[in-house]
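In: coordinates only, sequence not included:
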């Protein structure tokens, strides 16, 4: 009895997978639920267990092949080794026939090559006459590169060859001097060539596709984060002791985005051909920098249903899973709006590329203390405030400048007027 192994569906929106490694070869035994192969879906790797015990009789795809979900990728026999022996026998006969075909093909090619060497190019009487005067035989003529059609050798080609030959003979011969180290000599620079890893290639494809798909527009504003900085400083110890979670600026930003999207729901939509899909759930994508230098964007599903603590916990869990390579395929699919934070690395602001099929992405800059002019009842005063740039990138196919800028202003308002009671 044969069991078909199919490419599994690893997530709701996943349609294909890339085979990374076969853990078993044809002819080897395997147990039920023993790892048969490893696959990749976008940026997440998964081990696929065997659906049955038995012997591997066929492997239908190679490493690095991209296979559609539902396709048969291997076969397992429960009938022992008889099926395997039959397959292996066929393979031996097939390979022998292939070898004979290759050998005969090589023989024919060799004959053709040898025949080609014996043939002579077309040479005009003028070229032949010049060659005769210069004592150039036909084999030497055959080695000269021609500039005419089909490599035809003309008078100019032959005269250039003769002149270069004479110049070479007349050049003085110098005794080779060994290379000596010199302080003035420049080191020869050699380039190192490194193949991009699979995740980097996927990121590159995703970014290029986004730029080709969406006409990007950007709006930037400055946020006074002084109140949030003070809230975080005053409550981080209590928050950590009570919930066993680190209090950072991230959940404040996520919460502000969720509230703004509820007021500007078009930012949560997506484009499907000529249709606009209005998505009911807000799934915030958070860009996470990995230890290997790559980037991944897990999604906080149903963010509109979570309070401040829920957003904090969910964001921390996903970031931890991402950095420890524990993400499930579904964790990185389904985002409706993305937040990225280059500010954590010191950048003042950034212009991020939209994470398709989202319509917008918010880039968060570093918080810096700076002098700010404030209006008071007694006139303008200069005060020191903790300021932060936020930049919204949005898809101009659907989001116009006025709508995008008003949405950004709403995020700013939510941050500057954050209610401390939400974090207690």
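Out: Ah, there it is. Only a predicted model underlies this, so the values are computations on that prediction, with no experimental measurement involved.
In: Mind pulling up the pLDDT for residue 40?
Out: Residue 40 carries a pLDDT score of 83 in this model.
In: That one: neighbouring residues, count only.
Out: If you count neighbours by other Cβ atoms under 10 Å, residue 40 ends up with 20. Heads up, the C-betas are built off the backbone N, CA and C, glycines and all.
In: Which secondary structure element of this structure has the lowest mean pLDDT?
Out: helix 82-118 (a mean of 45; mean pLDDT, DSSP states H and E).
In: From the contact counts, what lies against the helix or strand just after that helix?
Out: Next along the chain after helix 82-118, taking DSSP states H and E as the criterion, comes helix 125-133. Judged by 3 or more Cβ pairs under 8 Å, 6 or more residues apart in numbering; DSSP states H and E, helix 125-133 is in contact with helix 138-142, helix 155-170.
In: export these to JSON lines and tack on distance to residue 346, mean pLDDT and mean neighbour count?
Out: Listed next are the helices and strands packed on helix 125-133 as JSON lines, based on distance: least, Cβ to Cβ, whole Å; pLDDT from 0 to 100; neighbours: other Cβ atoms under 10 Å:
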{"stretch": "helix 138-142", "distance to residue 346": "66", "mean pLDDT": "79", "mean neighbour count": "13"}
{"stretch": "helix 155-170", "distance to residue 346": "59", "mean pLDDT": "76", "mean neighbour count": "12"}
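In: got JSON lines for those, with distance to residue 307 too?
Out: Listed next are the helices and strands packed on helix 125-133 as JSON lines, based on distance: least, Cβ to Cβ, whole Å:
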{"stretch": "helix 138-142", "distance to residue 307": "85"}
{"stretch": "helix 155-170", "distance to residue 307": "83"}
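In: in the chain, which segments are predicted with low confidence?
Out: 12-13, 43, 80-126, 148-150, 168-188, 424 (pLDDT under 70).
In: same thing but 50
Out: 82, 86, 88-94, 96, 98-119, 185 (pLDDT under 50).
In: what ranges do the strands span in the stretch 301-424 of the chain?
Out: 337-340, 360-364, 368-376, 379-395 (DSSP state E, counting those that start in this stretch).
In: Tell me which of those is the most buried.
Out: Highest mean neighbour count among the strands of the stretch 301-424 of the chain (mean count of other Cβ atoms under 10 Å): strand 360-364, with a mean of 26.
In: residues in contact with residue 409?
Out: Shown in contact with residue 409 (Cβ atoms under 8 Å, 6 or more residues apart in numbering): residue 221.
In: now do 10 Å
Out: Residues in contact with residue 409 (Cβ atoms under 10 Å, 6 or more residues apart in numbering) are 219, 221, 260, 392.
In: Can you tell me which of the residues you listed are buried?
Out: 219, 260, 392 (16 or more other Cβ atoms under 10 Å).
In: Please name the nearest non-neighbouring residue to residue 72.
Out: residue 4 (4.8 Å; Cβ to Cβ, 6 or more residues apart in numbering).
In: er, residue 9 actually
Out: Using Cβ to Cβ, 6+ apart, the closest residue to residue 9 is residue 69 (4.7 Å).
In: Tell me how far that neighbour lies from residue 330.
Out: Residue 69 is 14 Å from residue 330, where distance means Cβ to Cβ, to the nearest Å.
In: any common contacting residues for the two?
Out: In contact with both residue 69 and residue 330: 10, 11, 14, 41, using Cβ under 10 Å, 6+ apart.
In: Give the burial count for residue 250, as a bare number.
Out: 19.
In: how about the nearest residue to it, chain neighbours excluded?
Out: Nearest one to residue 250, counting by Cβ to Cβ, 6+ apart, is residue 315 at 5.7 Å.
In: likewise residue 364?
Out: Residue 364 sits nearest to residue 341 (Cβ to Cβ, 6+ apart), 4.5 Å away.
In: thought that neighbour was touching residue 362?
Out: Yes - when contacts are counted by Cβ atoms under 10 Å, residue 341 is listed as touching residue 362 (9.1 Å).
In: Report the set of residues contacting both of those two.
Out: Common neighbours of residue 341 and residue 362, using Cβ under 10 Å, 6+ apart, are 253, 352.
In: residue contacts, residue 213?
Out: Residue 213 makes contacts with 271, 354, 356, 357, 395, 397, as judged by Cβ under 10 Å, 6+ apart.
In: rewinding a little: can you add distance to residue 194 and give the strands of the stretch 301-424 of the chain back as a markdown table?
Out: Below are those laid out as a markdown table (distance: least, Cβ to Cβ, whole Å):
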| stretch | distance to residue 194 |
| --- | --- |
| strand 337-340 | 26 |
| strand 360-364 | 28 |
| strand 368-376 | 36 |
| strand 379-395 | 30 |
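In: Which one, of those strands, ends up nearest to residue 129?
Out: strand 379-395 (72.5 Å; Cβ to Cβ).
In: Sheet-wise, list the partners of that closest one with their directions.
Out: strand 216-224 (antiparallel), strand 360-364 (antiparallel), strand 368-376 (antiparallel) (DSSP bridges).
In: mind checking which of these is nearest residue 64?
Out: Comparing these by Cβ to Cβ, strand 360-364 comes nearest, at 30.6 Å.
In: Just give the number of residues close to residue 208.
Out: 11.
In: which secondary structure element contains it?
Out: Assigned by DSSP H and E, residue 208 falls within helix 198-213.
In: what inclination does that helix have with respect to strand 216-224?
Out: Helix 198-213 and strand 216-224 meet at an angle of 100 degrees, taking axes from the mean of the first three to the mean of the last three Cα atoms, to 10 degrees as the criterion.
In: in helix 198-213, what counts as buried?
Out: 199, 202, 203, 206, 210.
In: can you list the residues that contact stretch 31-40?
Out: With Cβ under 10 Å, 6+ apart as the criterion, stretch 31-40 contacts 5, 7-8, 10, 16-24, 30, 45-54, 56, 59, 61, 63-64, 66-67, 73-74, 76, 198-199, 202, 329.
In: Would you show me how to pick out the buried ones of these in PyMOL?
Out: Applied in PyMOL, the following selects the buried portion of the contacts of stretch 31-40 according to 16+ other Cβ under 10 Å:
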select buried, resi 5+7+8+10+16+17+18+19+22+24+30+45+46+48+50+51+52+54+56+59+61+67+73+74+76+199+202+329
